[in-house]
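S.K.: I need the structure of the sequence given here:
(one chain, ligands or ions: 1)
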Amino acid sequence: MKALQAVRGMNDVLPQDAALWEFFEDSVRDWLRAYGYRNIRMPLVEPTALFVRSIGEATDIVEKEMYTFQDSLNNESLTLRPEGTASCVRAAIEHSLLHQGAQRLWYGGAMFRHERPQKGRYRQFHQIGVEAFGLPGPDIDAEHLIMTARLWRLLGLSGIRLELNSLADSAARAAHRQRLIAFFEQHRDQLDGDAQRRLHSNPLRILDSKNPHMQPLIEAAPQLNEHMDDAARAHFHGVCATLDRAGVAYSINPRLVRGLDYYNYTVFEWVTDALGAQGTVCAGGRYDGLFEQLGGKPAPGCGFAMGVERLVALLQVQASPASQHAAEAQQPDVYVLHQGDAAAMEAARAAEELRDAQLRVVLHCGGGSFKSQMKRADASGARFAVILGEEELVRKEVSVKPLRAQGVQTSVPLKEAIELIRG
Ligand code: HAM
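M.R.: Numbering: from 1, shown residues only. Just a heads-up that it's a prediction; the model follows:
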């Protein structure tokens, strides 16, 4: 029978790679606690309407990338979440979280988009998302950027640059949209198929085109900042000034638009050149209209999400000392070998005693010759082998053999072995 395989674009994370994932997740948890963010966990499946209403009908995600299915028992359309912001806002509205004041929240987990898979772009991928609800000022936008800069330092990552823009308010965007449509209509002959299709549905996305033939036209297109009012300008200035003071470098990219429709004011992306075409490792911004759009009382919101696969790939490429140290720290301290039935039982007991002393212990299971057990011990990455044979049983001792450093094998009572291993 032909063996089954994972769905295209949905990956296994194998144990040799999972160590780096765990290092990333552990670092992120500590980092989020340092800023007072609390964990929230939302379902993987939501009503389709949630994403249509929030992300926007004319976006790539909603038009062609959602895993949508009909739940025939309840006759409702459901969708595997393509992102977390919409669910997080829905949960905040549903459980009246803002009654308890402003909220700093984070979530993590799998997201699903039916994109064409390539390096760094998958159909099931993982995000760590961070959202702040109920805070209208530029201070919180800046906090998100300052804290992200800190995370890169904690992870030992370098060369991730920050691109920043303001999408102003909806009135400015509507005025800009009309001028963009008029401008691109005048130059219809220079638009590619994608751009022609988007001309009336989502003209802003034309600015995001990577087609080199359209770049001169895009350069000449009307800019949103010509329509920005004083409040939007002041907010953006507040974000930039706070970043300047905190020493977080950024570049303003007036062409930065996002693939989701809910943004206003600040938007940003953290980008690296080290990963090829899919170099955006973290992205987000402000979405002050989203609560109302989803049926809640108006409330400001802003946040961002990191792509875990991309950041783990960057950790791999840059092999930061912090991540190497973390991978080593995952290895066991001790591998316990034994020979003979009585020794096997004593080994199981002794392994527990070693674990009582906070050591990480792998107990050999499955029998085999001493030589084959020793091979396993070596391959486990453990620092020490603890050996129990018939002789050791008679002496009420264990043999301790260093596996990673020079040193002789010694036979001592288990208590002494523990001292020796702890160093
Ligand atoms: P997004 O830009 O769609 O924003 O995704 C955020 C990050 O998720 C991207 O920068 C990228 O690192 C990662 N990502 C997205 N799609 C894929 C994929 N197919 N394969 C691998 N990684 C991917 C959002 O999702 C917003 N909810 C962010 C946000 C939170 N805005 C405000 N709050």
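S.K.: ok, the closest residue to the ligand within the stretch 201-350 of the chain - contacts?
M.R.: Nearest to the ligand in the stretch 201-350 of the chain, going by CB to the nearest ligand atom, is Gly307, at a distance of 2.3 Å. For the C-beta atoms, the positions are set from N, CA and C on the backbone; glycine is no exception. The contact partners of Gly307, by CB atoms under 8 Å, 6 or more residues apart in numbering, come to 120, 125-127, 280-282.
S.K.: In helices, which of those appear?
M.R.: Judged by DSSP state H, helices contain none of the contacts of Gly307.
S.K.: restrict those residues to those near the ligand?
M.R.: 125, 127, 280-282 (CB under 6 Å from any ligand atom).
S.K.: from the contacts of Gly307, which two are the most distant?
M.R.: His126 and Thr280 (14.8 Å; CB to CB).
S.K.: Give me the subset of the contacts of Gly307 that lies in strands.
M.R.: The strands, defined by DSSP state E, take in 125-127, 280-282 from the contacts of Gly307.
S.K.: what domains does the record give for this protein?
M.R.: What automatic domain parsing lists as the domains of the chain is 15-169+229-324, 331-418.
S.K.: how about TSV for those, with distance to Lys210 and mean pLDDT added?
M.R.: TSV is the format used below for those (distance: least, CB to CB, whole Å; pLDDT from 0 to 100):
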stretch	distance to Lys210	mean pLDDT
domain 15-169+229-324	9	96
domain 331-418	43	96
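S.K.: and those as JSON lines, adding distance to Arg8?
M.R.: Formatted as JSON lines, these follow (distance: least, CB to CB, whole Å):
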{"stretch": "domain 15-169+229-324", "distance to Arg8": "6"}
{"stretch": "domain 331-418", "distance to Arg8": "33"}
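S.K.: Mind checking those for the one nearest to Glu185?
M.R.: Closest among the domains of the chain, using CB to CB: domain 15-169+229-324, at 17.4 Å.
S.K.: Relative to the whole chain's centre, how far out is the closest one?
M.R.: Averaging C-alpha coordinates over domain 15-169+229-324 and over its chain gives two centres that are 9 Å apart (CA atoms, centre = their mean, to the nearest Å).
S.K.: Up against the ligand, what does the stretch 151-300 of the chain have?
M.R.: Counting by CB under 6 Å from any ligand atom, the stretch 151-300 of the chain comes close to the ligand at 259-260, 280-285.
S.K.: The residues you listed: which two are farthest apart?
M.R.: Leu260 and Val281 (16.9 Å).
S.K.: ok so, going back, what about the residue of the stretch 201-350 of the chain closest to the ligand, distance to Arg258?
M.R.: According to CB to CB, to the nearest Å, Gly307 and Arg258 sit 14 Å apart.
S.K.: which parts of the stretch 301-423 of the chain sit against the ligand?
M.R.: 303-305, 307, 309-310.
S.K.: Keep only those of those that are in strands.
M.R.: Per DSSP E, those map to strands at 303-305, 307.
S.K.: which among those gets closest to Val62?
M.R.: Looking across those and measuring by CB to CB, the closest to Val62 is Ala305, at 17.1 Å.
S.K.: can you pull the contacts of the closest one?
M.R.: 83-85, 127-130, 282-284.
S.K.: Over to Ala49: give its phi and psi.
M.R.: Main-chain dihedrals, Ala49, degrees, to the nearest 10: phi -60, psi -30.
S.K.: and if you look at Thr272?
M.R.: According to degrees, to the nearest 10, Thr272 has phi -120, psi 150.
S.K.: what's the burial count for it?
M.R.: Using other CB atoms under 10 Å, Thr272 has 23 neighbouring residues.
S.K.: what residues does stretch 243-252 touch?
M.R.: In contact with stretch 243-252 (CB under 8 Å, 6+ apart) are residues 142, 145-146, 149, 161-165, 240, 268.
S.K.: Please produce a PyMOL select command covering the buried subset of those residues.
M.R.: Paste this into PyMOL to select the buried members of those, with burial taken from 16 or more other CB atoms under 10 Å:
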select buried, resi 142+145+146+149+162+163+164+165+240+268
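S.K.: Out of the contacts of stretch 243-252, the closest to Leu204 would be?
M.R.: Asn165 (11.5 Å).
S.K.: Enumerate every residue touching the residue lying closest to Arg113 once chain neighbours are set aside.
M.R.: Spatial nearest neighbour of Arg113, chain neighbours left out: Glu65 (4.3 Å); criterion: CB to CB, 6 or more residues apart in numbering. Applying CB under 8 Å, 6+ apart to Glu65 gives the contacts 82, 113-115.
S.K.: For Trp270, grab phi and psi.
M.R.: The phi/psi pair for Trp270 (degrees, to the nearest 10) is phi -100, psi 120.
S.K.: tally of neighbours for it?
M.R.: Using other CB under 10 Å: Trp270 sits among 25 other residues.
S.K.: Then the one 4 residues further on?
M.R.: Close neighbours of Ala274, defined as other CB under 10 Å, add up to 15.
S.K.: So it sits against Gln318, correct?
M.R.: Yes. With contact defined as CB atoms under 8 Å, Ala274 counts as touching Gln318 (7.0 Å).
S.K.: shared neighbours of the two, which are they?
M.R.: In contact with both Ala274 and Gln318: Gly159, using CB under 8 Å, 6+ apart.
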